[in-house]
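Q: Pasting the sequence and the predicted coordinates here, then a few questions.
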Amino acid sequence: MKILVADPVSEKGIALLQKEFAVDIQLQLSPDELMAIIGQYDALVVRSETKVTAPIIEAAERLKVIGRAGVGVDNIDVETATKKGIIVLNAPEGNTMAATEHTVAMLLALSRNIPQAYASMKAGKWERSKLMGVEVRGKTLGVFGLGRIGAGVAKRAIAMEMNVMAYDPYISAHQAKSLGVELAEIDEILAVADFVTLHLPLTVETRHLFNADRLAKLKPGARLVNCARGGIIDEAALAAALAAGKLAGAAIDVFGKEPIEADNPLLALDNVVLTPHLGASTAEAQIGVAVDVAVGISAALKGEPVTTAVNMAPIPRHVLDIIKPYLTLAEKMGCLAVHLAEGRISELQVEYNGEISGIDTKMLTTAVVKGVLNPILQERVNFVNAPGIVKTRGIKIREVKSKDTTHFANLITVRAATDKGETVVAGALFGKEEGRIVIIDGYRVDVEPKGWLLIGPHIDKPGIVGKVGTALGDNNINIVSMQVGRTVTTGTSIMVMAVEQDIPTPIMLKIKAVDGILDAKLVNLCGK
Ligand SMILES: NC(=O)C1=CN([C@@H]2O[C@H](COP(=O)(O)OP(=O)(O)OC[C@H]3O[C@@H](n4cnc5c(N)ncnc54)[C@H](O)[C@@H]3O)[C@@H](O)[C@H]2O)C=CC1
Ligand SMILES: O=C(O)CCC(=O)C(=O)O
């Protein structure tokens with residue numbers, strides 16, 4: 001498999017990828033150049049410079065994963081990638097400290113005019129009274145976005161004896177309180193904050209959150225720091241507020257257009273501190289994000305779950321450790337259920353019994369859905385696009401959980417309801433890793449879920465299995481394993497034969513015609 005690295009990332013991450021994959025490094029490609037070559041690659045690694053737009057994703061026929069060596073994925077068209085089943089992952093933690101410390105540096109540089117003082121001295125001046133600053137101690141800092149970086153900045157601001165207020169509707173009052181931060185609404189903060197610092201993602205909601213109206217609501221003489229994303233502030237409105245003296249100053253690391261354009265109005269102002277998107281630019285952060293993105297890309301290319309995917313439900317490591325052995329089993333159960341079901345599936349119910357019911361099983365349910373959809377759709381269905389596809393097909397998904405168990409410590413049961421009835425497949429782990437199908441439509445079985453399986457419910461009487469075996473043997477089809485499962489109630493049994501190859505239709509018809517056979521289906525559990 002081939003990986004394209006399109007932006008500069010640390011050697012340490014590249015070396016990790018090179019151990020397993022072919023890696024091409026091609027920096028500063030124009031959009032047309034990237035579009036022309038992207039079709040050859042299975043994975044793409046970028047930072048913020050390369051814009052991974054819809055046309056590029058559409059041209060990426062083999063692409064399975066886009067890795068962002070950093071946090072913000074606003075340079076990637078995640079929606080188009082999701083529709084195409086391409087995993088988008090980031091490296092959310094590797095540069096948190098770098099961006100946090102840069103924000104604190106910007107806050108202090110802004111309050112003490114350090115860049116202006118440096119420039120003045122380099123120009124041979126000694127301007128002590130002109131460069132009078134303000135202390136941060138005792139001042140109020142308004143933090144917009146109390147996530148990883150926002151929380152880190154808040155902690156450091158509190159250590160500098162600032163009062164910290166935050167706006168973040170997605171975190172709990174308890175979380176904020178444990179940081180020593182008071183949660184408040186936007187306008188409440190704007191009215192009292194001496195300093196405001198932004199740590200939001202750039203989204204439809206946050207684009208130009210700081211427009212002329214909001215900037216006008218800031219306390220006169222307030223100072224603004226933005227080390228998040230340029231698009232969150234309307235730069236023209238900010239420049240006007242700074243020029244009018246409404247704001248005392250601003251420290252900006254990120255811009256609407258990067259690299260910054262020569263006519264950006266901020267460049268003409270003296271009361272600004274500007275850095276060229278340096279938030280993540282520390283040696284430590286660049287190694288951190290490169291290694292994290294390499295680990296994510298490697299997992300994605302090997303079809304393993306990715307803990308840092310942004311277009312799949314996130315999954316904590318401890319949950320992943322528990323569910324990982326069940327993932328293949330769940331997918332094969334979905335695949336078996338769709339092959340055995342008669343009619344159009346309207347609902348999939350996935351039941352979890354035993355200890356497994358106590359954890360987040362969304363990813364296992366998605367694995368079942370993936371198993372159901374892959375055999376029936378042309379397109380590649382994966383953990384990224386499966387939830388969206390199943391919704392558009394009108395199939396309801398239901399999870400049922402119970403701690404109760406019968407014969408198995410943990411049991412997963414898939415019920416596929418169709419317009420003609422219901423198919424039930426249950427699976428369990430034997431030992432720590434060995435997945436087995438243990439129930440098919442009420443028949444107790446013990447089937448390894450792989451390869452070609454011939455499944456035939458039949459009347460429970462002698463001779464039937466032998467006749468099926470003979471039909472296969474006469475046509476040189478080797479049986480790998482065979483077993484018969486029974487129900488106590490119906491007087492019928494089910495045979496499950498693992499065979500080495502596809503069974504041609506005429507032989508299947510012969511098997512179906514065996515006296516006492518109720519049905520016969522050939523299922524391929526190899527997967528796409
Ligand atoms: N300047 C630089 O080089 C760097 C910039 N960044 C940027 O910093 C920002 C923050 O990164 P992290 O703290 O790692 O992200 P995070 O995801 O940990 O935190 C973002 C916070 O914003 C909150 N949020 C989201 N939408 C919101 C809204 N509409 N209103 C209020 N709060 C909202 C979320 O609840 C979350 O707590 C991102 O934009 C990221 O791209 C990150 C690293 C380096
Ligand atoms: O890759 C970079 O240097 C930018 C980092 C950044 O902005 C992010 O991680 O969101």
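A: Yes, it's here. Please read all numbers here as calculations on a predicted model, not as lab measurements. Ligands and ions are numbered 1, 2, ... in the order given.
Q: all contacts plus neighbour counts: C-alpha atoms, from now on.
A: Fine.
Q: What sits closest to the residue nearest the centre of the chain if chain neighbours are left out?
A: Geometric centre of the chain, nearest residue: Ala309, 2.2 Å, by Cα atoms, centre = their mean. Nearest-residue entry for Ala309: Leu89, 4.0 Å, with adjacent residues in sequence omitted and distances by Cα to Cα, 6 or more residues apart in numbering.
Q: Mind pulling up the pLDDT for that neighbour?
A: Leu89 is assigned a pLDDT of 94 by the prediction.
Q: for Thr392, same thing?
A: On pLDDT, Thr392 comes in at 78.
Q: what do you get for Asp502?
A: 91.
Q: Kindly provide the distance from it to Ala243.
A: 76 Å (Cα to Cα, to the nearest Å).
Q: And the two? Which one has more around it.
A: Ala243 (18 against 14; other Cα atoms under 10 Å).
Q: wait, what's in contact with that one?
A: Going by Cα atoms under 8 Å, 6 or more residues apart in numbering, Ala243 touches Leu269.
Q: follow-up on the earlier one: for the residue nearest to Ala309, which residues make a bridge with it?
A: Gly67, Ala309 (DSSP bridges).
Q: how near is it to Ile297?
A: Between Leu89 and Ile297 the computed distance is 8 Å (Cα to Cα).
Q: Also Lys130?
A: On the measure of Cα to Cα, Lys130 and Ile297 end up 52 Å apart.
Q: for Gly70, same thing?
A: 13 Å.
Q: and what of Val319?
A: Distance from Val319 to Ile297, counting by Cα to Cα: 20 Å.
Q: In terms of packing, which of these two has more residues around it?
A: With neighbours defined as other Cα under 10 Å, Val319 and Ile297 compare such that Ile297 has more, 31 against 14.
Q: ok, then the element right after the helix or strand harbouring that one?
A: Using DSSP states H and E, the element containing Ile297 is helix 283-301. Downstream of helix 283-301, the first helix or strand assigned by DSSP H and E is helix 317-340.
Q: So which bits of that next one are buried?
A: Across helix 317-340, burial judged by 16 or more other Cα atoms under 10 Å covers 320, 323, 326-340.
Q: Figure out how far the helix or strand following that helix is from the centre of its chain.
A: On the C-terminal side of helix 317-340, the nearest following helix or strand under DSSP H and E is strand 345-354. Put simply, strand 345-354 sits 24 Å off its chain's centre (Cα atoms, centre = their mean, to the nearest Å).
Q: could you give the angle of strand 345-354 to helix 317-340?
A: 140 degrees (axes from the mean of the first three to the mean of the last three Cα atoms, to 10 degrees).
Q: which strands and helices sit next to strand 345-354?
A: strand 396-402, strand 410-418 (3 or more Cα pairs under 8 Å, 6 or more residues apart in numbering; DSSP states H and E).
Q: among those, which is nearest Pro8?
A: strand 396-402 (42.4 Å; Cα to Cα).
Q: who touches the closest one?
A: 346-354, 357-358, 365, 390.
Q: Show me which positions of that strand end up buried.
A: Across strand 396-402, burial judged by 16+ other Cα under 10 Å covers 397, 401.
Q: Return the set of buried residues in the lowest-mean-pLDDT helix or strand in the chain.
A: Here the helix or strand of the chain ranked lowest by mean pLDDT, DSSP states H and E is helix 386-392, holding a mean of 84. By neighbour count with 16+ other Cα under 10 Å, helix 386-392 contains the buried residues 386-387, 389-390.
Q: How about stretch 217-230?
A: Neighbour-count burial for stretch 217-230 [16+ other Cα under 10 Å]: 217-220, 222-230.
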